[in-house]
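# 3D, please:
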Amino acid sequence: MSKPVSKLSLCVYCGSRMGHSPIHEAVAREVGRQIGERGWRLVYGGGSTGLMGAVADGALAAGADVIGVIPDRLIQRELGHGGVTELQVVSSMHERKHQMAMHSDAFLALPGGIGTMEEIFEVWTWRQLDYHRKALGLLNVDGYYDELLRFIDRSRDSGFLWPDVQDLLLVDQDVTAMLDRLEAEHERLQKQTPPEAPDAGPGGVVPGI
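Purely as a prediction, here's the structure:
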C-alpha cells in the first residue's frame, strides 16, 4: 500500500534506453532524487532499464513512493522493476497511459524515443481539450529537444498551433527550475474555479484552467 502523497504525484515519461550521453542518465537520477526529497510520488512506465530505471532508482533511493504501470507484453522487453512500491501490470498500452494519467497530478517528459514523445503530446492534446487540468513539462536535457521545439515553433508560425496551446507546455533545461515550475503551475490550477461560461482563447484554451 502506497503512503499518502504529501504534495504532488508526478508522471515522468522517458526512454527505456540510456541513450549515448551519460548526461541523460544523470539527469534522470536527479529528477528521481528531487521527487523523493520534495515528498512527491513518481508515476512512470514500470521498467527497470534505461532512463526509466534510472529515474525510478533515484526516486526510491530518496524515499519516494513509486508506481510503475507496464503492459504484460512489455514485461520482458522492459524488465519490469521489482523494487517499486507498486507495479501495475495492464493488458494494453491504452490502459497503461490511462492509469498513469489517473495516478498523476502533473506530467514531465525527459529524453526518450517515439513512445516518450507520443505520451507527452497526447496529454498535451488532452489538456488543450480540457480533459484534464494538470501541468505539463518538457525537460530539454543538453539540447535534446531543440529540433522538436523548433518544429513546434514552425507549427505555430504555420497556423496549425495556437500560441495559447503552445504555452501549456512548460520547457526548461534545469531540473530544479522545471520541477519548481510544475509545482507552481499545479498549485495555480488547483486554486482556479472556472466560470460557468469562460471565454476560451483562440486555441480553445480557457484561461486559468
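# Count the residues that sit near G137.
22 (other CB atoms under 10 Å). For every residue, glycine as well, the C-beta is placed using N, CA and C.
# residues in contact with it?
A106, F107, L108, A109, L169, L170, V171, D172, M178, R181, L182 (CB atoms under 8 Å, 6 or more residues apart in numbering).
# So which of those residues sit within helices?
M178, R181, L182 (DSSP state H).
# Out of the residues you listed, flag the one nearest to G39.
Nearest to G39 among those is L182, at 14.3 Å by CB to CB.
# does the closest one really touch L10, like I thought?
Yes - counting by CB atoms under 8 Å, L182 touches L10, with 7.0 Å between them.
# More neighbours: those two, which one.
L10 (29 against 24).
# Please, where are all the strands along this protein?
9-13, 41-44, 65-71, 86-90, 106-109, 135-139, 169-172 (DSSP state E).
# What pairs with the first one, parallel or antiparallel?
The partner list of strand 9-13 in its sheet, established with DSSP bridges, is strand 41-44 (parallel), strand 106-109 (parallel).
# Could you say which one of those comes nearest to Q99?
Once those are compared by CB to CB, strand 41-44 is nearest, at 8.6 Å.
# tell me which helix or strand of the protein sits lowest on mean pLDDT?
helix 75-78 (a mean of 72; mean pLDDT, DSSP states H and E).
# Now do that one: everything it contacts.
Counting by CB under 8 Å, 6+ apart, S16, G45, G46, G47, S48, T49, M52, I70, V89 sit against helix 75-78.
# In helices, which of those residues appear?
M52.
# With adjacent residues omitted, what lies nearest to Q34?
Nearest residue to Q34, sequence neighbours excluded (CB to CB, 6 or more residues apart in numbering): L179, at 5.6 Å.
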